[in-house]
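>>> A structural model of the following input is requested.
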Amino acid sequence: MARSIMIQGTMSNAGKSLLCAGLCRVLRQDGLSVAPFKSQNMALNSFITADGGEMGRAQVVQAEAAGIAPDVRMNPILLKPTTDVGSQVIVNGRARGNMSAREYFRHKRELVPEILAAYRSLAAEYDVIVLEGAGSPAEINLKQDDIVNMGMASLAEAPVLLVGDIDRGGVFAQLYGTVALLEPEERSRVRGLIINKFRGDRAILEPGLRQLEELCGIPVAGVVPYLHVDIDDEDSLTERFSRAGADARKAVDIVVIRLPRISNFTDFSPFERYENVSLRYVERPGDLHRPDLILLPGTKSTIADLLWLRQNGLEAAVKQAAAAGTLIFGICGGYQMLGRRVSDPEGVEAGEIRSLEGMGLLDMETVFQGEKVQIQTHGRFTDITGPLSALNGLEYTGYEIHMGRSGSAAAVQCAGNVYGSYIHGIFDADGVSDRVLQSICDGKKLDFSVLGSFDPAGYRERQYDKLAEAVRRGLDMKLIYRVLNKERI
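Below is the predicted model of the structure:
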């Protein structure tokens with residue numbers, strides 16, 4: 001069976017996911033076969049594997065860093081929030097319906113056998129499993145029947161590294177307070193403390209590190225710098241959403257509508273890597289300005305988010321921009337909004353509204369059904385008209401995750417300058433984002449070369465290597481290997 005090591009955090013967004021990815025890459029570079037594992041993930045950024053299973057995007061990133069294919073065993077439980085108090089529950093890649101938080105809390109211990117089966121199956125195939133916790137292990141109201149932090153560490157017999165975020169302040173209190181709230185058996189599992197997102201002179205930090213070690217009785221396993229790497233974010237805590245207007249004056253300006261329940265915003269990452277292209281997330285009509293392309297992203301609640309779009313004035317602004325010739329492109333839920341009507345007769349989305357008029361920019365209607373479509377897809381663009389006709393002939397790859405049916409088998413449906421597709425990742429394949437931007441440049445009489453270009457696969461690998469280099473420098477790798485080997489410290 002594989003050796004194991006687990007990274008837990010003092011809070012959400014302490015940097016667990018990125019550190020796990022970095023550690024996966026480091027161990028791979030050191031010649032070990034390694035796989036990530038997170039027993040329970042709550043996120044709207046998901047992915048469809050080659051066999052049609054759905055899993056959290058963070059474990060996909062970690063698998064890529066480890067040089068292996070994503071597998072639903074790496075994330076056996078995925079919770080996709082549908083309301084403030086409920087989520088769709090996905091187990092081993094398949095949806096099992098919606099549950100309230102209270103209902104799921106009562107039910108989750110029943111999922112332990114499936115979690116253990118997934119973990120043990122992976123552990124039989126790899127040298128090392130890098131486990132990730134969720135939130136904090138010191139949430140004392142949630143510790144009963146825990147299956148993702150110390151409960152999972154116990155099931156996997158995994159030593160734990162505890163990570164605190166110094167960038168948000170109070171890191172010593174975060175780490176000491178978390179350790180203090182753990183039970184003695186849980187505390188014994190914590191073999192190292194990590195200060196993450198550090199900016200400054202480490203010499204000034206050293207006295208605090210020594211005192212922290214004395215207070216906790218646990219060694220500091222490293223100080224990892226604030227990382228400037230371009231790797232997909234897990235969820236809505238991403239810093240990408242704060243880029244409201246800083247880059248709007250670049251040669252090409254692209255706007256993503258930041259829906260309240262936005263999902264799979266990583267669909268648009270390819271556009272961020274051109275030096276002279278801005279990608280902005282906006283949630284108010286006043287921030288829209290005059291973009292060259294408006295993107296409507298996926299959402300876990302199409303009807304509720306369409307109503308929000310209508311009530312805050314963004315729908316009218318998008319329709320006005322479309323009438324003026326601005327390119328509009330909707331993905332999944334955003335695509336559904338562009339049609340004449342969205343209907344949910346069976347209450348699949350768990351909302352009160354069962355039918356809502358759409359934006360009327362595409363000639364189709366969407367009806368939600370109980371069975372979820374989740375499949376990887378690939379093909380060649382055909383029959384695309386209008387400004388993006390240059391896509392015809394290019395190959396695309398991606399995946400679909402949706403409950404709605406919109407009556408079109410085309411990869412892309414179009415009407416003039418308005419386009420929609422169910423395919424997540426449609427801009428990822430070689431040449432696709434280039435052609436979209438080339439079309440915009442042609443309309444603006446710009447030379448495409450002013451935007452810059454990039455090799456997506458090579459770029460991604462360089463980012464993982466950059467992450468691994470920073471993690472290796474920041475961590476005491478001799479100590480990490482002693483922890484991994486369960487040696488006495």
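>>> the helix or strand hosting I129 packs against which elements?
Assigned by DSSP states H and E, I129 belongs to strand 128-132. Contacts defined by 3 or more Cβ pairs under 8 Å, 6 or more residues apart in numbering; DSSP states H and E place strand 128-132 against strand 3-9, helix 16-29, strand 34-37, helix 57-66, helix 112-123, helix 150-156. Backbone N, C-alpha and C define where each C-beta goes, glycine included.
>>> for N264, find the nearest of these.
When those are compared by Cβ to Cβ, helix 57-66 sits nearest N264, at 7.7 Å.
>>> neighbouring strands - and their directions - for the next helix-or-strand element following the closest one?
Per DSSP H and E, the first helix or strand lying C-terminal to helix 57-66 is strand 77-83. The strands beside strand 77-83 in its sheet (DSSP bridges) come out as strand 40-42 (parallel), strand 86-91 (antiparallel).
>>> run the chain-centre distance for the last one.
Which is strand 86-91. Strand 86-91 sits 16 Å away from the centroid of its parent chain (Cα atoms, centre = their mean, to the nearest Å).
>>> ok now do F448, which residues does it touch?
Contact analysis of F448 by Cβ atoms under 8 Å, 6 or more residues apart in numbering lists 434, 437-438, 441.
>>> neighbour-wise, which of these leads?
L437 (26 neighbours; other Cβ atoms under 10 Å).
>>> could you look up the SS state of it?
Using DSSP: H, G, I helix; E, B strand; the rest coil, the secondary structure recorded for L437 is helix.
>>> surely it and V277 touch.
Yes - L437 is within contact range of V277, at 6.7 Å (criterion: Cβ atoms under 8 Å).
>>> low-confidence ranges, the protein, go.
For the chain, applying pLDDT under 70 flags the ranges 233-248, 453-454.
>>> what's the lengthiest helix in it in contact with?
The longest helix of the chain (DSSP state H) is helix 456-474. For helix 456-474, contacts defined as Cβ under 8 Å, 6+ apart pick out 18-19, 21-23, 25-26, 29, 64-65, 198, 222-225, 227, 229-231, 270, 273, 428, 430.
>>> buried among the residues you listed? Need that as a selection in PyMOL.
Selection of buried members from the contacts of helix 456-474 for PyMOL, criterion 16 or more other Cβ atoms under 10 Å:
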select buried, resi 18+19+21+22+23+25+26+64+65+198+222+223+224+225+227+229+231+270+273+428
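>>> re earlier: the contacts of F448 into CSV, with extra columns for distance to G333?
Shown next, in CSV, are the contacts of F448 (distance: Cβ to Cβ, whole Å):
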residue, distance to G333
D434, 26
L437, 24
Q438, 27
C441, 29
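>>> pick out the most distant pair among those residues.
Farthest apart among those by Cβ to Cβ are D434 and C441. That separation is 10.1 Å.
>>> mutual contacts of L437 and V277, please.
Joint contacts of L437 and V277 (Cβ under 8 Å, 6+ apart) are 252, 271, 451.
>>> just those residues: which are in strands?
Those of those mapping onto strands are V252, per DSSP state E.
>>> now the shared contacts of L437 and V277: which count as buried?
Buried among those by 16+ other Cβ under 10 Å: 252, 271, 451.
>>> quick check, nearest of these to G53?
Minimum distance to G53 across these is 27.9 Å, recorded for F271 (Cβ to Cβ).
>>> would you quantify the distance from the closest one to K16?
Separation of F271 from K16 (Cβ to Cβ, to the nearest Å) stands at 27 Å.
>>> with adjacent residues omitted, what lies nearest to L446?
Nearest in space to L446, with sequence neighbours left out and distances taken as Cβ to Cβ, 6 or more residues apart in numbering, is A251 at 6.0 Å.
>>> please report how far that neighbour lies from L437.
From A251 to L437 the distance is 9 Å (Cβ to Cβ).
>>> what is in contact with these two at once?
277, 451.
>>> quick one: which of the helices and strands packed on strand 128-132 is nearest L362?
Per Cβ to Cβ, nearest to L362 of the helices and strands packed on strand 128-132: helix 57-66, 27.1 Å.
>>> ok, the shared contacts of L437 and V277 vs V412, which is closest?
Of all the shared contacts of L437 and V277, F271 has the smallest distance to V412: 16.7 Å, by Cβ to Cβ.
>>> would you mind measuring from that closest one to V318?
In terms of Cβ to Cβ, F271 sits 18 Å off from V318.
>>> what helix or strand does the closest residue in space to D167 that isn't next to it in sequence sit in?
Nearest non-adjacent residue to D167, counting by Cβ to Cβ, 6+ apart: K197, 3.8 Å away. Using DSSP H and E, K197 sits within strand 190-198.
>>> and the angle for that strand with helix 16-29?
Interaxial angle, strand 190-198 versus helix 16-29 (axes from the mean of the first three to the mean of the last three Cα atoms, to 10 degrees): 110 degrees.
>>> how about strand 190-198: buried residues?
Buried residues in strand 190-198, counting neighbours by 16+ other Cβ under 10 Å, are found at 190-198.
>>> what does stretch 254-267 give?
By neighbour count with 16+ other Cβ under 10 Å, stretch 254-267 contains the buried residues 254-259, 261-267.
>>> from these, which land in strands?
Under the assignment DSSP E, the buried residues of stretch 254-267 contribute 254-257, 262-263 to strands.
>>> just send these back as JSON lines, with distance to L293 too.
Formatted as JSON lines, those follow (distance: Cβ to Cβ, whole Å):
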{"residue": "I254", "distance to L293": "5"}
{"residue": "V255", "distance to L293": "7"}
{"residue": "V256", "distance to L293": "9"}
{"residue": "I257", "distance to L293": "12"}
{"residue": "I262", "distance to L293": "17"}
{"residue": "S263", "distance to L293": "20"}
